[in-house]
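Engineer: Quick one, fold the following:
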Amino acid sequence: RNEIFALWPAPVQSSYMGFPATTGAPFLPYLITDKVVAPPQLHRCYSEKLALMPNCYFVNDYKRCHRDVLNKGALPRRTEFGLPEDKVIFSCSNQLYKYDPDTFHTWCNILKRVPDSVLWLLRFPPYGEANIRLQAAQAGVDPGRIIFTD
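Structural biologist: Predicted structure coming up:
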């Protein structure tokens with residue numbers, strides 16, 4: 001959708017929440033962020049002028065909209081999602097095409113260094129699951145330690 005911004009449909013345009021890093025795009029001259037996402041020592045890496053929010057750039061009212069998460073007794077168990085209760089769970093919810101070989105190799109190294117752990121990934125696209133499992137096995141990681149979710 002950045003193509004729309006390239007047409008300058010508004011006199012002031014800003015990037016917010018869709019991509020928390022710099023876009024490098026001249027048609028998005030501002031980025032709404034915070035000092036955690038964009039630490040001061042990295043401001044030079046941004047092409048945008050940074051509009052730093054005082055606490056957190058991610059505005060929500062989760063406690064009001066999802067009061068159920070405040071009741072620990074009502075929280076779902078990991079097993080309800082096919083996850084082990086007794087393991088460290090690493091997770092990434094990106095679509096599979098966003099993993100390059102170096103990134104996935106890094107995940108495999110993490111799994112090898114943390115033996116009681118699993119990697120929970122989004123099953124999208126579904127035909128990528130077999131390839132991910134194959135790559136894990138080739139990297140010396142039990143493919144059973146990769147858990148997919150829809």
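
Engineer: From what I see, Pro108 and Arg145 are in contact.
Structural biologist: No, residue 108 isn't Pro; it's Cys. No: between Cys108 and Arg145 there is no contact, the gap being 9.4 Å when judged by CB atoms under 8 Å. To be clear about C-beta, it is placed using only N, CA and C from the backbone, and glycine gets the same treatment.

Engineer: Please enumerate the shared neighbours of the two.
Structural biologist: Common neighbours of Cys108 and Arg145, counting by CB atoms under 8 Å, 6 or more residues apart in numbering, are Ala136.

Engineer: for the closest residue to Ser91 other than its chain neighbours, helix, strand, or coil?
Structural biologist: The shortest distance from Ser91 to any non-neighbouring residue, by CB to CB, 6 or more residues apart in numbering, is to Trp120 (4.2 Å). Look at Trp120: counting by DSSP: H, G, I helix; E, B strand; the rest coil, its state is strand.

Engineer: what separates Trp120 from Thr149, distance-wise?
Structural biologist: Distance, Trp120 to Thr149, by CB to CB, to the nearest Å: 6 Å.

Engineer: quick one: which of these two has more around it?
Structural biologist: Trp120 (18 against 13; other CB atoms under 10 Å).

Engineer: quick one: pLDDT of that one?
Structural biologist: Note on Trp120: pLDDT of 96.

Engineer: Same check on Gly128?
Structural biologist: At Gly128, the model reports a pLDDT of 90.

Engineer: For it, which residues are in contact?
Structural biologist: Per CB under 8 Å, 6+ apart, neighbours of Gly128: 96-97.

Engineer: does the residue nearest to Ser91 really touch Ile147, like I thought?
Structural biologist: Yes: the criterion here is CB under 8 Å, and Trp120 meets it with Ile147 at 4.9 Å.

Engineer: Tell me the helix or strand right after the lowest-mean-pLDDT helix or strand in the chain.
Structural biologist: Least confident element among the helices and strands of the chain, by mean pLDDT, DSSP states H and E: helix 62-65 (a mean of 69). On the C-terminal side of helix 62-65, the nearest following helix or strand under DSSP states H and E is strand 88-92.

Engineer: now the strands for this structure?
Structural biologist: Secondary structure of the chain (DSSP state E): strands at 14-15, 30-33, 49-52, 88-92, 117-122, 146-149.

Engineer: With that, I have no additional questions.
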